[in-house]
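Trainee: need coordinates for the below:
(one chain, ligands or ions: 1)
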Amino acid sequence: MATIRLGDKAPDFTADSSVGMINLYDYLGDSWGILFSHPADFTPVCTTELGTAAKFKDDFDKRNVKMLALSVDGAASHNEWIKDINEVEHTKVNFPIIADEDKKVSDLYDMIHPKADNSLTVRSVFIIAPDKTVKLMITYPASTGRNFYELLRVIDSLQLTANHKVATPANWKNGEDVVVSPAISTEDAKQMFSKGVKEIKPYLRMTPDPTA
Ligand code: BEZ
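Mentor: Numbering: from 1, shown residues only. Here you go, the predicted structure:
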């Protein structure tokens with residue numbers, strides 16, 4: 001297992017899933033990707049998460065993000081569990097769940113934290129850019145279900161800052177003012193951002209979201 005750091009290439013893999021064999025890079029193509037692990041099938045928090053993720057699929061699609069879940073049970077188990085998720089969450093799981101029985105992918109992505117649990121994965125999230133570099137990693141404990149609004153918010157920030165010389169402040173949401181990149185002088189920023197630049201401190205300059 002190699003440590004993955006931001007900016008590294010996401011390790012490629014081919015694995016069985018709820019929809020058959022999947023190769024990560026082929027599956028993602030030129031899209032962004034979100035890979036998220038679940039401790040085990042037929043567990044309550046995971047059931048709510050996967051149902052919620054399915055309901056967010058349109059939001060991920062709008063951002064050109066392909067979803068891929070993972071749990072350390074087999075494909076047959078996943079497909080039985082999906083029936084439950086669809087029933088209780090009133091949705092249809094509409095993305096693959098990797099069947100990582102041999103823990104190959106969990107090991108590759110360091111999703112098992114033995115002091116938390118020896119055999120089940122923690123709740124890892126990886127966001128992968130179209131060039132296959134890892135742009136975000138978050139690790140939640142098994143006892144905390146993820147906030148999918150937050151994951152969309154981070155994707156909005158990543159996609160905005162990939163194309164504009166800005167960063168996003170605390171609690172930023174799509175459309176709100178953004179921070180001018182520290183690498184840009186205020187003088188240059190005033191040329192670059194036609195909607196105006198407000199200098200609060202020489203190192204803290206705000207500008208309206210250039211895409212809003
Ligand atoms: C759950 O998904 O509900 C869960 C899984 C493992 C440990 C705790 C909760």
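Trainee: contacts and neighbour counts: CA atoms only from here.
Mentor: Will do.
Trainee: show me what from this protein comes close to the ligand.
Mentor: For the chain, the residues in contact with the ligand (C-alpha under 6 Å from any ligand atom) are 39, 43-46, 142-143.
Trainee: pretty sure residue 55 sits against residue 91.
Mentor: Yes - if you go by C-alpha atoms under 8 Å, residue 55 and residue 91 touch, sitting 6.7 Å apart.
Trainee: as a quick check, tell me the outermost residue of this structure.
Mentor: Most distant from the centre of the chain: residue 187, at 35.3 Å, with distances by C-alpha atoms, centre = their mean.
Trainee: buried residues in the helix or strand containing that one?
Mentor: Element membership for residue 187, per DSSP states H and E: helix 186-192. Judged by neighbour count using 16 or more other C-alpha atoms under 10 Å, the buried positions of helix 186-192 are 186, 189-190, 192.
Trainee: got the CA coordinates for it in PDB?
Mentor: What follows is helix 186-192, C-alpha atoms only, in PDB (Å, rounded to 0.1, in the frame of the first residue of the first chain):
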ATOM      1  CA  THR A 186      -3.900  43.500  -6.400                       C
ATOM      2  CA  GLU A 187      -3.000  45.600  -9.500                       C
ATOM      3  CA  ASP A 188      -3.100  42.500 -11.700                       C
ATOM      4  CA  ALA A 189      -6.200  41.200 -10.000                       C
ATOM      5  CA  LYS A 190      -8.000  44.500 -10.900                       C
ATOM      6  CA  GLN A 191      -7.200  43.900 -14.600                       C
ATOM      7  CA  MET A 192      -8.100  40.200 -14.400                       C
END
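Trainee: next, the buried residues of the helix or strand following that helix.
Mentor: Proceeding N to C from helix 186-192, the next assigned helix or strand is strand 198-201, under DSSP H and E. The neighbour-count check on strand 198-201 (16+ other C-alpha under 10 Å) flags residue 198 as buried.
Trainee: in its sheet, what does strand 198-201 sit against?
Mentor: Strand 198-201 sits in its sheet next to strand 204-207 (antiparallel), going by DSSP bridges.
Trainee: other residues contacting the strand it pairs with?
Mentor: Applying C-alpha atoms under 8 Å, 6 or more residues apart in numbering, the external contacts of strand 204-207 come out as 177-180, 182, 186, 193, 195-200.
Trainee: can you give me the helices in this structure?
Mentor: Using DSSP state H, the helices of the chain run over residues 24-28, 44-55, 57-62, 75-89, 104-108, 148-163, 186-192.
Trainee: format these as JSON lines; extra columns: mean pLDDT and distance to residue 118.
Mentor: Listed next are the helices of the chain as JSON lines, based on pLDDT from 0 to 100; distance: least, C-alpha to C-alpha, whole Å:
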{"stretch": "helix 24-28", "mean pLDDT": "98", "distance to residue 118": "25"}
{"stretch": "helix 44-55", "mean pLDDT": "98", "distance to residue 118": "18"}
{"stretch": "helix 57-62", "mean pLDDT": "98", "distance to residue 118": "31"}
{"stretch": "helix 75-89", "mean pLDDT": "98", "distance to residue 118": "20"}
{"stretch": "helix 104-108", "mean pLDDT": "97", "distance to residue 118": "12"}
{"stretch": "helix 148-163", "mean pLDDT": "98", "distance to residue 118": "26"}
{"stretch": "helix 186-192", "mean pLDDT": "96", "distance to residue 118": "50"}
